[in-house]
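> how would this look folded up:
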Amino acid sequence: MNEQTTLSDNTATSPYLVAALYHFVSFPRFRNIRDPLQALCEANDVRGTLLLAHEGINGTIAGPDAGVMTVLGFLRGLPEFSGLGHKESRASKAPFLRMKVKLKKEIVTMGVEDIDPTRVVGTYVSPRDWNALITDPDMIVIDTRNDYETALGTFQGAVDPDIKTFRDFPDWVKSSEGLHNKKKIAMYCTGGIRCEKATAYMKEQGFEEVYHLKGGILKYLEEVPAEESLWEGACFVFDERVSVVQGLEQGDHKLCRACRHPLTPDDLASSLYEAGVSCPQCHEVRSDDDRMRFREREKQARLARERGQKHLGS
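All right, here's what the predicted structure looks like:
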């Protein structure tokens, strides 16, 4: 369902290899893998988040090339993940502060039982063929990501469901007037995993002609030249880079440490922005006590930096 891709880059200026991966498969022994996988990542200075569930694995890890490849080799050594693919990019700074291997009910949470992408799923469309597909006048293009992600960028002409979480997607489908009259539907997300379930759900709901972008936005930004791209803006990523743009170069967005919302340059220039304390998205919903607490946290982080120490709460 996914494939390995490799970006060539200067490892001297971008020493961290970032590997995004997911794989849907029946994996009943997932609980037994957590501890050895956690230990292996820590031993190889690999950080990030990996989710394990009955339905497979999902996550992103980063670290030295040799460490990341060791972890990927361990996973592919398991019979369930012999066909595991991953997508690579590079980062100049550590994209993650910790390593977390979590046990979950789902590797991507939709909250709908019996949705199985290994049984039924939409038609995969390569990034090179995506432009022709979404410019078809009979095609409705749907962004399956959350509202704070779509705010940073989207494909030209795409429908934004304006959802807070992926759990809201099924309700949006049911409440969208006229959607069931559409014969052709194309869907996309960051790396492809949400569309595995979204297209499976749409097929289960009776939609017949359903497509999705193979490898997601990240694969599109990697493969499609800027002069041909129909992508507008940046793509939110769930690590310290915050966003990437064409060619998977790091974007110019920052993260609000109070609410974890991605911030644009305009947000950073706002009078409501205070590093580590507030931003235009959360200023009105935080109390003065909250802001005092966040200021103290920011102070401790600054003191730790001055001592040459890491402060994981920063």
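> quick one, what contacts Ile217?
Tyr188, Cys189, Thr190, Gly191, Trp231, Cys235 (C-beta atoms under 8 Å, 6 or more residues apart in numbering). In short, each C-beta sits where N, CA and C put it, glycine included.
> can you tell me which of those residues are in helices?
Per DSSP state H, helices hold no members of the contacts of Ile217.
> dump those residues to JSON lines, plus pLDDT and neighbour count.
As requested, those are exported to JSON lines (pLDDT from 0 to 100; neighbours: other C-beta atoms under 10 Å):
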{"residue": "Tyr188", "pLDDT": "98", "neighbour count": "28"}
{"residue": "Cys189", "pLDDT": "98", "neighbour count": "24"}
{"residue": "Thr190", "pLDDT": "96", "neighbour count": "21"}
{"residue": "Gly191", "pLDDT": "94", "neighbour count": "23"}
{"residue": "Trp231", "pLDDT": "98", "neighbour count": "21"}
{"residue": "Cys235", "pLDDT": "97", "neighbour count": "24"}
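> most widely separated two among those?
Spatial extent of the contacts of Ile217 (C-beta to C-beta) is set by the pair Gly191 and Trp231 at 14.4 Å.
> thinking again about what came up before, return the closest of the contacts of Ile217 with respect to Ala43.
Among these, Gly191 lies closest to Ala43 (C-beta to C-beta), at 26.2 Å.
> count of neighbours near the closest residue to the closest one other than its chain neighbours?
Nearest residue to Gly191, sequence neighbours excluded (C-beta to C-beta, 6 or more residues apart in numbering): Gly216, at 4.2 Å. Around Gly216 there are 24 other residues, counting by other C-beta atoms under 10 Å.
> dump the residue contacts of Gly216.
Gly216 makes contacts with Tyr188, Cys189, Thr190, Gly191, Gly192, Ile193, Cys195, as judged by C-beta under 8 Å, 6+ apart.
> let's see that with 10 Å instead.
2, 20, 87, 127, 144-145, 188-195, 235 (C-beta atoms under 10 Å, 6 or more residues apart in numbering).
> so which of these are in strands?
Ala20, Lys87, Tyr188, Cys235 (DSSP state E).
> quick one, what contacts Ile107?
By C-beta under 10 Å, 6+ apart, the residues touching Ile107 are 22-24, 27, 30, 50-59, 193, 196-197.
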